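Peer 1: Need coordinates for the below:
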Amino acid sequence: MTGPALPAGAVVGVTGATGHIGQVLVEHLLRQEVEVRTVARRPLAFPVAGPTTGPTTGPTTGPTTGRLVHTGADVRSPAARRALAGADLVFHLAAQVWEGRGQASREAMRQVNVDGTRNILDAGPGAVVLASSAAVYGAWPDNPLPLTEDHVPRPNPECRYATDKLAAELVCRRWDGRFAVVRLCAVLGPHADVRVARALGGYRLAVPEMSGCPQAGQWMDEGDAAQALLHVGADLLGAGEVAGEVLNAGTPDWLSAPDMARLAGSRPLRAPRGLVVRAAELGRWAHLSPFGADRAALICGPLAISSEKAERLLSWQARLSSAEVFSAALARGWQGARRNRSPA
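Peer 2: Here you go, the predicted structure:
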């Protein structure tokens, strides 16, 4: 499935092309008659049909018709800006997701997520699709279900990734160009960060839940996420119905902690909020888990989004449910998948 067709001959950029969703999106684009320009710090796992500043490894799957040019560069760099100059459309996926240690690391994270977005916009592409996150809404006990785009974002202060994403959205709003923001729920699949795939195994023992903070989480298939982005990009190069809009992209269902425990064959493990956050931070600092207080905060209340707007404007909807995606992630052992790569 290649998704909606982009105009033949269009120049399409993808930042964060070696990341989870980026890899899937590039595979789809290579099956269309477009020129693909990718930017990432790591080598790209696709054959390159043009100049490149970095090596590539491994073949893609299936027939390809597009032309690919890869630039190995930091999203904040002049090289990244030059690589995307004149592109008809850019899918901006590059982001630092995991928080490092210390204030310097946090500042570097902000620079990648916010200043990097500004740098890509300065390249002057014809249109930009910003991949944002449902985490910008924050997980709070009084959240309605499901959350629509009209709900005022209020990121949990512990989750700096969510705060950065909201700031990147504001950068796009201030830009004098055509853009759309896609707020994605949590995404799983064989391309997922190896640390996420491994951490899911812990759900077979217990599913963490904060006392007094009911959960409502969503898990979307990586292919569905890529399709949502493609639908938005095709519209920006066409009718422009979603230009300047924010759209949620998630599954029609959501899972509580007991739901996930049932699917994992385990049980919910309830504890006070302070204890859960401290335990998460201890595990992160001991390198036992990638999840610290930044991710523990995201189970502080229901966080499930409505995709009705995307369905109404773009006729997009997720093919797989959260229950199906979560169950598949547990059953397939994706941490050993060939394409599953650590961000290191």
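
Peer 1: who's in contact with residue 180?
Peer 2: Counting by CB atoms under 8 Å, 6 or more residues apart in numbering, residue 180 makes contact with 127-130, 232, 235-236, 242-247. (Glycine included, C-beta is placed from N, CA and C.)

Peer 1: Give the buried subset of these as a ChimeraX selection command.
Peer 2: Selection of buried members from these for ChimeraX, criterion 16 or more other CB atoms under 10 Å:
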select :127,128,129,130,232,235,236,242,245,246,247
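
Peer 1: In helices, which of the contacts of residue 180 fall?
Peer 2: With DSSP state H as the criterion, helices contain 232, 235, 236 from among these.

Peer 1: does the last one really touch residue 181, like I thought?
Peer 2: Pointing back at residue 236 there. No. Taking CB atoms under 8 Å as the definition, residue 236 is not a contact partner of residue 181, at 11.4 Å.

Peer 1: And the strands in the stretch 151-300 of the chain?
Peer 2: 178-184, 186-188, 207-210, 219-221, 246-249, 268-271 (DSSP state E, counting those that start in this stretch).

Peer 1: Each with direction, which strands does the first one pair with?
Peer 2: Applying DSSP bridges, strand 178-184 is found paired with strand 127-133 (parallel), strand 246-249 (parallel).

Peer 1: residues making contact with the shortest one?
Peer 2: Identification of contacts with strand 246-249 by CB under 8 Å, 6+ apart yields 132, 134, 147-149, 169, 180-185, 220, 224-225, 228-229, 232, 305-307, 309-310, 313-314, 316, 318.

Peer 1: Please indicate which of the residues you listed are buried?
Peer 2: Buried, going by 16+ other CB under 10 Å: 132, 134, 147, 149, 169, 180-185, 220, 224-225, 228-229, 232, 305-307, 309-310, 313-314, 316, 318, out of the contacts of strand 246-249.

Peer 1: Which of the residues in stretch 69-78 are classified as buried?
Peer 2: Applying a neighbour-count criterion of 16+ other CB under 10 Å, one finds 69, 70, 71, 72, 73, 74, 75, 76 buried in stretch 69-78.

Peer 1: Which of those residues fall in strands?
Peer 2: Counted as lying in strands by DSSP state E, out of the buried residues of stretch 69-78, are 69, 70, 71, 72.

Peer 1: so can I have JSON lines of these showing pLDDT and distance to residue 201?
Peer 2: Putting these into JSON lines (pLDDT from 0 to 100; distance: CB to CB, whole Å) gives the following:
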{"residue": "69", "pLDDT": "95", "distance to residue 201": "38"}
{"residue": "70", "pLDDT": "96", "distance to residue 201": "33"}
{"residue": "71", "pLDDT": "96", "distance to residue 201": "36"}
{"residue": "72", "pLDDT": "96", "distance to residue 201": "32"}
